[in-house]
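Asker: sharing a model that was predicted from the sequence below.
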Amino acid sequence: MDNKIKIFENDFITVDLSQWKRKINLIVTSPPYNVGIDYSSHNDSNSYEDYLEFSKKWLAKAYDLLAEDGRMCLNIPLDKNKNGLKSVYADIVTIAKEVGFKYQSTIIWNEQNISRRTAWGSWLSASAPYVIAPVETIILLYKHQWKRKNKGTSTIEKEQFIEWTNGVWTFNGENRKKIGHPAPFPVELPRRCIKLFSFMEDIVLDPFLGSGSTLIAALEEGRQGIGIEIDSSYVQLAIKRIKDYSGKQMQFQIQ
């Protein structure tokens, strides 16, 4: 197994990660959205109240694991319009602050996925029109201080820094059928977060590893990576993708 990458086939909320308590430099993740996606081992159709309670539990554990100057890039939808409109972004930011996180800013990810909706509420009428923004958010949160205590080696280039510090990122989402996961995010998303918000050899954590995009980016950028994924089939998918991207015959010991 490559000593830079560790994968746990487990539930993030219950898995023992005590050896990394207050040591994680950056969390990059996209938790389940609770929009009825057909995951193998996760119920994505809980009540909204249960979803928010689940969010509070995992956010509290993530906060505990972060270093004093640790950051998190949290990819979630702006709104949820399945079974009633919900202000997911606003509610998650509120919960994150309740468990201790400080808010830095938000990146709007325009994945250019224009919905082909067949209903707009009241068609051509002011009676009850629905407005749905075809974007996602990447919330930037931190533990105690935003500025890193110790300076490390960055891997970001000048043009990238200028472009990515503009809070609207435009790049395509990932193809579900191609990847073999119901909700993958493209490697470009964690790559940008890792290059912009972490140094070489930093520890990057993804509590909901899914198809492995965060660990691929961490490996490419010379960071240490830890991924937790509850579903065994997605763990194997992540391992395959990491091996394919790296071109190495890596050995993984699932913990």
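Answerer: Received the coordinates, thanks.

Asker: quick check: bridge partners of the closest residue to residue 5 other than its chain neighbours?
Answerer: Of all residues not flanking residue 5 in the chain, residue 225 sits nearest, at 4.8 Å (C-beta to C-beta, 6 or more residues apart in numbering). All C-beta spots, glycine's among them, are computed from the backbone N, C-alpha and C. On the basis of DSSP bridges, residue 225 is bridged to residue 5, residue 204.

Asker: how many other residues sit next to residue 225?
Answerer: 27 (other C-beta atoms under 10 Å).

Asker: roughly how far apart are it and residue 15?
Answerer: 16 Å (C-beta to C-beta, to the nearest Å).

Asker: could you pull out the strands for the stretch 51-200 of the chain?
Answerer: 66-77, 102-110, 136-142, 168-170 (DSSP state E, counting those that start in this stretch).

Asker: make TSV out of those strands and add mean neighbour count, mean pLDDT and distance to residue 95.
Answerer: TSV is the format used below for these (neighbours: other C-beta atoms under 10 Å; pLDDT from 0 to 100; distance: least, C-beta to C-beta, whole Å):
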stretch	mean neighbour count	mean pLDDT	distance to residue 95
strand 66-77	21	96	11
strand 102-110	16	96	12
strand 136-142	22	96	11
strand 168-170	13	95	24
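
Asker: reformat the ones you listed as a markdown table; add distance to residue 216.
Answerer: Output for the strands of the stretch 51-200 of the chain, formatted as a markdown table (distance: least, C-beta to C-beta, whole Å):
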| stretch | distance to residue 216 |
| --- | --- |
| strand 66-77 | 15 |
| strand 102-110 | 18 |
| strand 136-142 | 17 |
| strand 168-170 | 18 |
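
Asker: was I right to think residue 242 contacts residue 212?
Answerer: Yes. When contacts are counted by C-beta atoms under 8 Å, residue 242 is listed as touching residue 212 (5.4 Å).

Asker: of these two, who's got more company?
Answerer: residue 212 (33 against 25).

Asker: wait, the more buried one sits on residue 243?
Answerer: No. The criterion here is C-beta under 8 Å, and residue 212 misses it with residue 243 at 9.8 Å.

Asker: and residue 110, how far is that from residue 164?
Answerer: 14 Å.

Asker: of the strands of the stretch 51-200 of the chain, which is nearest residue 121?
Answerer: strand 66-77 (18.7 Å; C-beta to C-beta).

Asker: taking strand 102-110 as reference, get the angle to that closest one.
Answerer: Interaxial angle, strand 66-77 versus strand 102-110 (axes from the mean of the first three to the mean of the last three C-alpha atoms, to 10 degrees): 30 degrees.

Asker: residue numbering should commence at 11 henceforth.
Answerer: All set: I'll call the first residue 11, so the last point we hit is now strand 76-87.

Asker: so what does strand 76-87 touch, helix or strand wise?
Answerer: strand 34-39, helix 98-108, strand 112-120, strand 146-152, helix 198-207 (3 or more C-beta pairs under 8 Å, 6 or more residues apart in numbering; DSSP states H and E).

Asker: got a markdown table for these, with distance to residue 227 too?
Answerer: Formatted as a markdown table, those follow (distance: least, C-beta to C-beta, whole Å):
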| stretch | distance to residue 227 |
| --- | --- |
| strand 34-39 | 8 |
| helix 98-108 | 23 |
| strand 112-120 | 15 |
| strand 146-152 | 14 |
| helix 198-207 | 4 |
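
Asker: nearest to residue 264, out of these?
Answerer: strand 34-39 (18.9 Å).

Asker: what's the mean pLDDT across that closest one?
Answerer: In this model, strand 34-39 has a mean pLDDT of 98.

Asker: could you check the angle that strand makes with helix 198-207?
Answerer: Counting by the same axes, to 10 degrees, strand 34-39 lies at 150 degrees to helix 198-207.
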